[in-house]
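Engineer: I would like the atomic coordinates for the input below:
(chains A and B)
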Amino acid sequence: MFWDFWVEEFDEKILQKLGFEGACVFKEAKSKKIKILRGEKIIAKNGNELKQKTKSKADFLLLVKPKEKIQRIAIKRCLVDGINAFVKYPLIKEMAERNIAVVISFNDLLNSKEPQKTIAKMKQTIKLAKKYKTPIIIVSGAKTKWELRGTSELIAFGEILGLKRNEAKKALYVFQNKICERQQLKKKGKYVMPGVRIV
Amino acid sequence: MKKQYRKRYILFEVISNSKIRSDLIENAILGAIKELFGEFGLSEAHPKLLKEFSKGNKHVLQIDHGYVQKAKLSMAFIKEINKKPIIFKTIKVFGTLKKIKGVIK
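Structural biologist: Below you'll find the model as predicted:
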């Protein structure tokens, strides 16, 4: 049921133990027990670089810590599926309209030099996301297998940031399932573009 | 007479390459709660590792009922004990010791 949508070092056993059904992995990985989607991290300094990098055929495109100018381009042109950053008012509303998710990574907090500021910004982003009904994804953001965290810990993290228990649970599977469905449609050749599919 | 505080019992598992002593685990959890929520939070949470229920990698943490989520988050903050990387995985939260005895045995 639950997905971890940001895993850099894949470990099948640990992920299964922690209670995940699937994972979005940013490096190549194969598994029979766990569903795997291939993700790609995009770090861009300008618009041209962003456009080139978003041509990738990965299942999930994640824009990591962009400047506000890059955020605006990515959101207005619908170039990515998720943004891992602290998004402000007008952009977060547009993200909801274009079905782009806010990605809250536990690893940002774990390795933060100023955790108090990070928590405050995360709380603010979640408050806005709730207000404008922007999809929220909570991920472990693990760079090594020892940075992976369990489902109940991530749900607790969501609750501390201001989500209700139900909302925190949904942040671990609702948007992720949609991406998985889209991927299956793409495999069958029935997906054309956002909002258009062959019936 | 009114109870002093309502308790909850968190059954959790420590995922690690080597075995770690329960007193080190307790110290790490107390330290993490103190780091995140301060001395005041620590005094309100009443955390205590019940060593008589520790079995293998599974342990039980007694905590105030209002601090269950905070304790889980604090445990997630622990990266290593004695320079050995670890992961805490919460299995279930119980309301009474009677139920937890049935699960552990």
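
Engineer: beta partners for the residue sitting nearest the centre point of chain B?
Structural biologist: Note on chain B: the residue nearest the mean C-alpha position is residue B:61, at 3.4 Å, using Cα atoms, centre = their mean. Per DSSP bridges, the residues bridged to residue B:61 are residue B:10, residue B:49.

Engineer: who are the neighbours in contact with residue 95?
Structural biologist: Because you didn't say which chain, this covers chain A. Contacts for residue A:95 (Cβ atoms under 8 Å, 6 or more residues apart in numbering or on different chains) come out as A:75, A:83, A:87, A:101-102, A:132, A:134. In short, each C-beta sits where N, CA and C put it, glycine included.

Engineer: Chain B was what I was after
Structural biologist: Taking Cβ under 8 Å, 6+ apart as the test, what residue B:95 contacts is B:8-9.

Engineer: pLDDT at it, what is it?
Structural biologist: Per-residue pLDDT puts residue B:95 at 93.

Engineer: that older thread, for the contacts of residue A:95, work out which two are farthest apart.
Structural biologist: Using Cβ to Cβ, the two most remote members of the contacts of residue A:95 are A:83 and A:132, lying 13.9 Å apart.

Engineer: higher neighbour count, these two?
Structural biologist: More crowded of residue A:83 and residue A:132, by other Cβ atoms under 10 Å in any protein chain shown: residue A:83, with 27 against 14.

Engineer: For that one, pull up the helix or strand it's in.
Structural biologist: Secondary structure from DSSP states H and E places residue A:83 in strand A:82-84.

Engineer: Quick one: list the elements packing against the longest helix belonging to chain A.
Structural biologist: For chain A, the helix with the greatest residue count under DSSP state H is helix A:115-132. Applying 3 or more Cβ pairs under 8 Å, 6 or more residues apart in numbering or on different chains; DSSP states H and E, one finds that helix A:115-132 contacts helix A:89-97, strand A:101-105, helix A:106-110, strand A:136-139.

Engineer: So what's the model's average confidence on whichever helix or strand comes after the last one?
Structural biologist: Tracing the chain C-terminally past strand A:136-139 and defining elements by DSSP H and E, one meets helix A:151-160 next. Mean per-residue pLDDT for helix A:151-160: 94.

Engineer: helices or strands up against helix A:151-160?
Structural biologist: Applying 3+ Cβ pairs under 8 Å, 6+ apart, we find helix A:151-160 packed against helix A:106-110, strand A:136-139, helix A:165-170, helix B:68-76, strand B:84-94.

Engineer: which residues does the closest residue to residue A:98 other than its chain neighbours contact?
Structural biologist: Nearest non-adjacent residue to residue A:98, counting by Cβ to Cβ, 6 or more residues apart in numbering or on different chains: residue A:78, 5.1 Å away. Residues counted as contacts of residue A:78 (Cβ under 8 Å, 6+ apart) are A:98, A:100, A:194.
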